[in-house]
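Asks: Have a look; sequence and predicted model below, questions after that.
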Amino acid sequence: MLPSHLNGHSPLARRPRLSAATGDTPAAEAAAGDAALEAHDRVYFQSYSHIGIHEAMIKDRVRTDAYRAAIMHHQKFIEGKVVMDVGCGTGILSVFCARAGAKRVYAVDASEIATQASEIVKANNLADKIVVIHGRVEDVEVEENVDIIISEWMGYMLLYESMLPSVLFARDKWLKPGGLILLSHATLFMAPITNSDRYEGSVDFWCDVYGINMSALVPLAKFFASEEPSIELIGGENVISWPFVVKHIDCYTFTVEEFKSVATTYKVSSMMLAPIHGFGLWFEVEFNGPAESSQNMSSESNPVDIIRKKRSRGSDNTVVLSTAPEDEPTHWHQTIFYFSDPIEVTQDQIIEGSVMISPNKENPRCLNIHLECSTGGQTLVRDFAMR
């Protein structure tokens, strides 16, 4: 259910892919009995009943430390206030908030892990502060408005799993005016990448296997290497242009309607002579208060300004969680869209096109990606499905 369904090459455990088979576990049977849930929601919530994903997330110190640092950064605002933790999982963020002085925390989760979250709350003597609620945030009842909403809703390439609409629902229904949302801002980046080692290992490998010519498998290898997005780690050396912004999200103002289609055009310049093997996506998030200014970045942002703003955020008091290739790895890794065949580019060659990301109509927690790329007289149009 976990790593085996990812086509990347890292052995680390990661978030679930939603096309995984579910099996007849007690959690699955309980979820299947809830007729109010769509089939895709049952699969999604059941996947978070598995301890492996919670272990992967909590052991990701970049992620967990960033949330703990953000809570402590806003401790004066949190003290004596009411918090809602949307998708609380094991309840670790709820515990952090309670220990930071929150008067009450509503920890909401629709998966069976809520049972263990309740036990964790009791084991840490916080039952008088943390109320664990088992259910979808869209379905539960909370009798008071809240001052803070906290949630770790990001999926692969930021938008996968489509949990953000649940956070926006909680914001619109329960957050008091002037309330705090953690995280507050998120930016999705994209850039062309080169990865000859990956291509040679998956495709060229078949040309000579123990002295046997198996090149008949090369077309099949190309198909499977580029069939769907790959979740894997790349480094800054694999990125061949400045990144561009696909979407900047302000969680205080973003709407569900905007989530239905995320699209942008791009025009970048290659920084080296290299083959383009595909495009990589990553994201970074900030934890700002409602009155704090966010350094908004759009697809028209100058690449140098993007890097300058990133460095300035790293030197001030803003808490930033980054999944960029040049930063410390996280369990999100990067998301790569590989081409069937690489495109050779020279230094300073223009690469331009468009990308559109939208929820899958049959399963809105999955994503459809339409990518267009033109460079050096070549044009590539590809559709990917992230399932």
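Replies: Sure thing, it's come through.
Asks: Next up, the contacts around the closest residue in space to residue 203 that isn't next to it in sequence.
Replies: If the residues on either side of it in the chain are set aside, residue 203 comes closest to residue 221, at 4.7 Å by CB to CB, 6 or more residues apart in numbering. Bear in mind the C-beta positions are built from the backbone N, C-alpha and C, glycine included. For residue 221, the contacting residues are 202, 203, 205, 206, by CB atoms under 8 Å, 6 or more residues apart in numbering.
Asks: Tell me the one among the residues you listed nearest to residue 323.
Replies: Nearest to residue 323 among the contacts of residue 221: residue 202, at 23.0 Å, using CB to CB.
Asks: residue contacts, that closest one?
Replies: Each residue near residue 202 by CB under 8 Å, 6+ apart is listed here: 221, 225.
Asks: Quick check: phi and psi on it?
Replies: The phi and psi torsions at residue 202 (degrees, to the nearest 10) take the values phi -100, psi -30.
Asks: Pretty sure residue 362 sits in a strand.
Replies: No. Remark: residue 362 does not belong to a strand; assigned using DSSP: H, G, I helix; E, B strand; the rest coil, it is coil.
Asks: In terms of pLDDT, where does it sit?
Replies: What the model reports as pLDDT for residue 362 is 88.
Asks: Which strand or helix spans the nearest residue to it once chain neighbours are set aside?
Replies: Take residue 362 and drop its neighbours on the chain: the residue closest to it by CB to CB, 6+ apart is residue 40, 7.7 Å away. Counting by DSSP states H and E, the element that carries residue 40 is helix 39-47.
Asks: ok, then the element right after that helix?
Replies: Scanning forward in sequence from helix 39-47, with DSSP H and E defining helices and strands, the next element found is helix 51-59.
Asks: Who are the packing partners of that next one?
Replies: Using 3 or more CB pairs under 8 Å, 6 or more residues apart in numbering; DSSP states H and E, the elements in contact with helix 51-59 are helix 61-73.
Asks: quick one: contacts of the helix it packs on?
Replies: For helix 61-73, the surrounding residues in contact (CB under 8 Å, 6+ apart) are 57-58, 78, 92-93, 96-97, 100, 150, 152, 182-183, 287, 317, 319-322, 327-331.
Asks: Touching the helix or strand just after it from outside, list them.
Replies: Beyond helix 61-73 in the direction of the C-terminus, DSSP H and E gives the next helix or strand as helix 75-78. Identification of contacts with helix 75-78 by CB under 8 Å, 6+ apart yields 71, 97, 100, 101, 102, 147, 148, 180, 289.
Asks: Leaving aside the residues adjacent along the chain, what's closest to residue 244?
Replies: The spatially closest residue to residue 244, leaving aside those adjacent along the chain, is residue 266, at 4.5 Å (CB to CB, 6+ apart).
Asks: Okay, now the sheet partners of whichever helix or strand that neighbour is part of, with direction.
Replies: In the assignment (DSSP H and E), residue 266 maps to strand 262-269. Based on DSSP bridges, the strands next to strand 262-269 in the sheet, each with its direction, are strand 350-359 (antiparallel).
Asks: And the strand it pairs with, what's buried?
Replies: Along strand 350-359, the positions that meet the burial threshold by neighbour count (16 or more other CB atoms under 10 Å) are 351, 353, 355, 356, 357, 358, 359.
Asks: Work out the gap between the strand holding residue 266 and the centre of the chain.
Replies: Between the mean C-alpha location of strand 262-269 and the chain-wide mean there is a distance of 20 Å, by CA atoms, centre = their mean, to the nearest Å.
Asks: and what of stretch 258-274?
Replies: Put simply, stretch 258-274 sits 18 Å off its chain's centre (CA atoms, centre = their mean).
Asks: Format the CA atom coordinates belonging to it as CSV.
Replies: Taking only C-alpha atoms (Å, rounded to 0.1, in the frame of the first residue of the first chain), the coordinates of stretch 258-274 have been written out as CSV:
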residue,chain,number,x,y,z
GLU,A,258,-9.5,28.3,-7.8
PHE,A,259,-8.5,24.7,-6.9
LYS,A,260,-10.5,23.3,-9.8
SER,A,261,-7.9,24.3,-12.4
VAL,A,262,-4.3,25.5,-11.8
ALA,A,263,-2.6,26.7,-15.0
THR,A,264,0.2,28.8,-16.1
THR,A,265,2.5,29.5,-19.1
TYR,A,266,6.3,29.6,-18.8
LYS,A,267,9.4,30.7,-20.6
VAL,A,268,12.8,29.8,-19.2
SER,A,269,16.3,29.7,-20.5
SER,A,270,18.6,26.6,-20.2
MET,A,271,21.6,27.2,-18.0
MET,A,272,23.7,24.4,-19.7
LEU,A,273,24.2,22.1,-22.6
ALA,A,274,22.2,19.0,-21.6
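Asks: mind listing what's buried in that stretch?
Replies: By neighbour count with 16+ other CB under 10 Å, stretch 258-274 contains the buried residues 259, 262, 264, 266, 268, 270, 271, 274.
Asks: do stretch 244-257 as well
Replies: Burial within stretch 244-257, assessed by neighbour count using 16+ other CB under 10 Å, is assigned to 244, 245, 246, 247, 248, 249, 251, 252, 254.
Asks: quick one: low-confidence parts of the protein?
Replies: Within the chain, the set of residues satisfying pLDDT under 70 comprises 1-37, 293-316.
Asks: Let me see the ranges of the helices in it.
Replies: Here the chain has its helices, by DSSP state H, at 26-32, 39-47, 51-59, 61-73, 75-78, 92-99, 113-123, 164-174, 196-202, 218-226, 256-259, 303-315.
Asks: got the angle for the fourth one vs helix 92-99?
Replies: Following axes from the mean of the first three to the mean of the last three CA atoms, to 10 degrees, one obtains 30 degrees for the angle between helix 61-73 and helix 92-99.
Asks: Helix 51-59 and helix 61-73, what's the angle between them?
Replies: Comparing the axes of helix 61-73 and helix 51-59 via the same axes, to 10 degrees yields an angle of 60 degrees.
Asks: List the buried residues in helix 61-73.
Replies: Neighbour-count burial for helix 61-73, counted by 16+ other CB under 10 Å, picks out 63, 64, 66, 67, 68, 70, 71, 73.
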